[in-house]
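**Q** Sequence first, then the predicted structure, then my questions.
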Amino acid sequence: MLLPHSAANISRLGPACIHVLKSKWHAEHVDALVDRFLAVMAEAGCDFIPVHTLSGCLEMPLAAQDIFEMERGRLEAVVCFGVLMKGETAHFEMVLNTMTAAFAQLTLAARVPVINAILPASRIEHVLERSGDNDLNKGIEAALATVETVLWRRDIRARALP
């Protein structure tokens, strides 16, 4: 059962160094996710977020690593959007498993969160439900996770300083 997401009481983040990676596949749905994400982030006070379009989801780990290096010391999160449709071959599982493992490895190695907002789905109806103009849009969930994670990391760092 899907639960709606509400950004009604989103915390104030303010300016942050966050980048978005998005796949060009299923652009209509991916763009709907990214648009909702950016709208919620703007409500949190973070209204400048570069968006990078990639050929597909499998390219995201390398792109994230490039952004880690480009924004070294400033980057607070990378948020990845895409749609993976399950077909008749094992390609879906290969891409999903490779990306998930790479995102975890990158997060730990670079000490920068990679927020995974990629929708793996077996039916287009599932994608429509999660990318629609409604409170089930995964872009809202990704924004909430990003704001909470960045604020938590800022807080923990502030406490660690003498």
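**A** Now that the structure is in, tell me what you want to look at.
**Q** Contacts only, for the residue nearest the centre of the chain.
**A** Residue closest to the average C-alpha location in the chain (C-alpha atoms, centre = their mean): residue 79, at 2.8 Å. Residue 79 makes contacts with 18-21, 37, 114-115, 117, 142, 146, as judged by C-beta atoms under 8 Å, 6 or more residues apart in numbering. For every residue, glycine as well, the C-beta is placed using N, CA and C.
**Q** Now compare those and name the two farthest from each other.
**A** Largest separation among the contacts of residue 79 by C-beta to C-beta: 37 and 114, giving 14.3 Å.
**Q** residue ranges for the helices of the chain, please.
**A** Using DSSP state H, the helices of the chain run over residues 27-43, 60-70, 91-110, 124-131, 138-160.
**Q** need the ones you listed in a markdown table with mean neighbour count, distance to residue 14 and mean pLDDT, can you?
**A** Formatted as a markdown table, these follow (neighbours: other C-beta atoms under 10 Å; distance: least, C-beta to C-beta, whole Å; pLDDT from 0 to 100):
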| stretch | mean neighbour count | distance to residue 14 | mean pLDDT |
| --- | --- | --- | --- |
| helix 27-43 | 20 | 11 | 97 |
| helix 60-70 | 17 | 20 | 96 |
| helix 91-110 | 15 | 22 | 92 |
| helix 124-131 | 17 | 28 | 93 |
| helix 138-160 | 17 | 10 | 94 |
